[in-house]
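Chemist: What follows is a protein structure lacking sequence information:
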């Protein structure tokens, strides 16, 4: 219970009563029955608050009185005197009693300074919570199209568009056929690859650290998501998921600049603009912002609205797995732009939940519990043209 909260409530009730009385006075009318009831209820609540505040004040006063010294500090007087004691100064008297009230005892012989002088006697306890390392920044699961699967699926897509052509008018003596070309199709094979981790825990640790029960499943989930994000970005597609960098359209290679991103924007078919987003490493985004500040750009191509970054008006998402350009040793960076839901399909076998199983029998003779977490997933690039890739070389 907090006295500040109670006083705030009391002030609000008094203000409400005052407003009712002022309104009645201005209109020269009496309070309505409903207002009378509300006024009376407010008065009763104010009385209850005053009683509670008085009790709290009495309790606080009692606590102060209990902790107050009951006598003066003194040391026996070696010489005979009428009082038989030598009283200490007022300053020492106050410091003496404060040492008891604040538990600030000091002893020059026994201390925590060395183990032999008392360090071995000090009890050390561990906080009951476990602070985890943060997960890595990931975006592909929210950018791509995620579907549950029960078996492998073939995903068809158009490979070549229909091309129409003008037809010459047929006559009685000359007939011409329609021209143009028919569409052609392709398909990708969406499978499922097992990703997981096994964490052995001793019986003793499981019994002595209750916080592990909540910590381990969450940490296993972070580990699986971190691995999948790297595959969904950089996977080769052979015996593993196909990453966006290996399946989408490689547009061109240029140095990082506002011009190069404008070129990439122009490389994407505008039909995909409705759901288009940028994907890059956060460090790449920082390079953009630093360049914009250094150039003192009048037209700000990089903006932020309510915490969401935008580049040329399109939202920017980040992934730790996107490569960042470095000069030495040379590492090429990458930026992706497009409609990721049209391009990438993620299939989760049996649903998207990460399964966590506690195996307490397998290694029971060794005193171990196996905490197993896994998920089966795959990603395939179904429509390569929907996402364009800029390779950054400077």
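Modeler: Perfect, thanks for sending it. These numbers were taken from a predicted model, which means no experiment stands behind them. Residues are numbered from 1 along each chain as shown.

Chemist: so where's the stretch 51-200 of the chain shaky on pLDDT?
Modeler: In the predicted model, the stretch 51-200 of the chain carries pLDDT under 70 at residues 66-88, 93, 96, 100-113, 116-117.

Chemist: need the strands for it, in chain order.
Modeler: For the stretch 51-200 of the chain, applying DSSP state E, counting those that start in this stretch gives strands covering 74-76, 85-87, 145-149, 153-160, 184-190, 193-202.

Chemist: helix or strand right after the longest strand belonging to the chain?
Modeler: Ranked by residue count under DSSP state E, the longest strand found in the chain is strand 368-381. Per DSSP states H and E, the first helix or strand lying C-terminal to strand 368-381 is strand 387-392.

Chemist: That following strand: partners in the sheet, and parallel or antiparallel?
Modeler: strand 249-254 (parallel), strand 333-338 (antiparallel) (DSSP bridges).

Chemist: what sits against residue 251?
Modeler: Residues in contact with residue 251 (Cβ atoms under 8 Å, 6 or more residues apart in numbering) are 263-264, 267, 388-390. All C-beta atoms are positioned from the backbone trio N, CA, C, and that covers glycine.

Chemist: just to revisit the earlier point, okay, the strands paired with strand 387-392 in TSV with distance to residue 134 next?
Modeler: As requested, the strands paired with strand 387-392 are exported to TSV (distance: least, Cβ to Cβ, whole Å):
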stretch	distance to residue 134
strand 249-254	32
strand 333-338	23
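
Chemist: Which among these is found nearest to residue 311?
Modeler: Comparing the strands paired with strand 387-392 against residue 311 with Cβ to Cβ, the closest turns out to be strand 333-338 (8.6 Å).

Chemist: returning to what we had before: in TSV, list the strands of the stretch 51-200 of the chain along with distance to residue 63 and mean neighbour count.
Modeler: TSV is the format used below for these (distance: least, Cβ to Cβ, whole Å; neighbours: other Cβ atoms under 10 Å):
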stretch	distance to residue 63	mean neighbour count
strand 74-76	26	10
strand 85-87	27	12
strand 145-149	58	15
strand 153-160	70	13
strand 184-190	69	14
strand 193-202	45	15
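
Chemist: Throw those strands into a markdown table and include distance to residue 291, thanks.
Modeler: Shown next, in a markdown table, are the strands of the stretch 51-200 of the chain (distance: least, Cβ to Cβ, whole Å):
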| stretch | distance to residue 291 |
| --- | --- |
| strand 74-76 | 75 |
| strand 85-87 | 76 |
| strand 145-149 | 33 |
| strand 153-160 | 37 |
| strand 184-190 | 37 |
| strand 193-202 | 37 |
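
Chemist: wait, which of those is closest to residue 289?
Modeler: Comparison of the strands of the stretch 51-200 of the chain against residue 289 by Cβ to Cβ identifies strand 145-149 as nearest, at 30.4 Å.

Chemist: So what touches that closest one?
Modeler: 190, 192, 341-342, 344-352.

Chemist: now, which of those residues lie within helices?
Modeler: Counting by DSSP state H, the part of the contacts of strand 145-149 found in helices is 341-342.

Chemist: nearest to residue 115, of the strands of the stretch 51-200 of the chain?
Modeler: strand 193-202 (28.4 Å).

Chemist: What strands line up against the closest one, and which way round?
Modeler: Sheet pairing of strand 193-202 (DSSP bridges) gives strand 368-381 (antiparallel).

Chemist: What are the buried residues along the strand it pairs with?
Modeler: Neighbour counts over strand 368-381 (16 or more other Cβ atoms under 10 Å) mark 368-373, 375-381 as buried.

Chemist: How is this structure divided into domains?
Modeler: The chain breaks down into these domains under automatic domain parsing: 3-67, 139-165+179-394.

Chemist: Compute the first-to-last residue distance for the last one.
Modeler: Read it as domain 139-165+179-394. End-to-end distance for domain 139-165+179-394, by Cα to Cα, to the nearest Å: 25 Å.

Chemist: Tell me the gap between stretch 2-20 and the middle of its chain.
Modeler: Averaging C-alpha positions (Cα atoms, centre = their mean, to the nearest Å) puts stretch 2-20 38 Å from its chain's average.

Chemist: Would you agree residue 389 is in contact with residue 340?
Modeler: No: if you go by Cβ atoms under 8 Å, residue 389 and residue 340 don't touch, sitting 12.0 Å apart.

Chemist: And those two? Which one has more around it.
Modeler: A direct count of neighbours by other Cβ atoms under 10 Å for residue 389 and residue 340 places residue 340 higher, at 26 against 23.

Chemist: State the pLDDT value of that one.
Modeler: Listed pLDDT for residue 340 reads 97.

Chemist: which ones are touching the residue nearest to it when sequence neighbours are not counted?
Modeler: Leaving out its chain neighbours, the residue that sits closest to residue 340 by Cβ to Cβ, 6 or more residues apart in numbering is residue 143, at 3.8 Å. Contacts here follow Cβ under 8 Å, 6+ apart; on that basis residue 143 touches 277, 279, 317, 340-341, 344.
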